[in-house]
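>>> sequence plus the predicted model coming up.
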Amino acid sequence: MNKSTISLLALIAFLFSFSFSSSAQVDKLKRYEDKVESAKLKVEKAKAKLASADSLIEVGKQMMKEAEVEVRALEAEQKRMEKQHFNEIKPLEKRLRAKEISEIKDAKAEIKKVETRFKAEVKEWNAKYKAALKNFDNGVKTVAKGEDRRKKAKDAIKAAEKALKQAEKNLEKASKKL
């Protein structure tokens, strides 16, 4: 081979290596851009989780408020039931002091009916009260779950933003090299 052919082959080899290195740099730049986009998506996902956690906390607080209102209403109902029971029993107890045996028997029978009705009302009231307390407890648990998720989401946001900054720095450095 003569010198000109060798020179020509060397020149071609040099040009090919230059085009490959340029292509490799463009591919590297594209990878950094992809990493930046991926990091942005992670930040958005973490922010969505934070919003979800905040929503969960609000729902839990609302459940607690509703349960508190229901408990107050039930406590007022309890006072009303007890007062009504007392007012129904008082005259019947006076009749127990009567001199006629038939009147005493009638009073005892009526007292038994009133007591039975009162026990049924109390049983129903207890079920409602337990349900209200359960709703309150569920609200407390929901708030706690939301706060736990909020903490995790805030940590995820910090990590994602840190990764985003790093990816942007790497992209900037790669852009400067071109």
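Arrived safely, thanks for sending.

>>> tell me what the longest helix belonging to the chain is packed against?
For the chain, the helix that runs over the most residues, judged by DSSP state H, is helix 3-95. Contact partners of helix 3-95 among helices and strands, from 3 or more CB pairs under 8 Å, 6 or more residues apart in numbering; DSSP states H and E: helix 101-177. Glycine gets a C-beta too; all of them are placed from N, C-alpha and C.

>>> point out where this protein drops to low pLDDT.
1-26, 178 (pLDDT under 70).

>>> cutoff 90 now
The chain contains residues with pLDDT under 90 at 1-36, 38-39, 92-105, 107, 163-164, 167-178.

>>> sorry, back to before: and the angle for the longest helix of the chain with helix 101-177?
Using axes from the mean of the first three to the mean of the last three CA atoms, to 10 degrees, one finds that helix 3-95 and helix 101-177 are set 170 degrees apart in direction.

>>> gap between Tyr129 and Lys123?
Distance from Tyr129 to Lys123, counting by CB to CB, to the nearest Å: 11 Å.

>>> higher neighbour count, the two?
More neighbours surround Tyr129 than the other of Tyr129 and Lys123, with 17 against 9 (other CB atoms under 10 Å).

>>> now for the nearest residue to that one once chain neighbours are set aside, how many residues are close by?
Closest residue to Tyr129 apart from its sequence neighbours, by CB to CB, 6 or more residues apart in numbering: Leu74 at 5.1 Å. Using other CB under 10 Å, Leu74 is surrounded by 17 other residues.

>>> who's in contact with Leu74?
125, 128-129, 132 (CB atoms under 8 Å, 6 or more residues apart in numbering).
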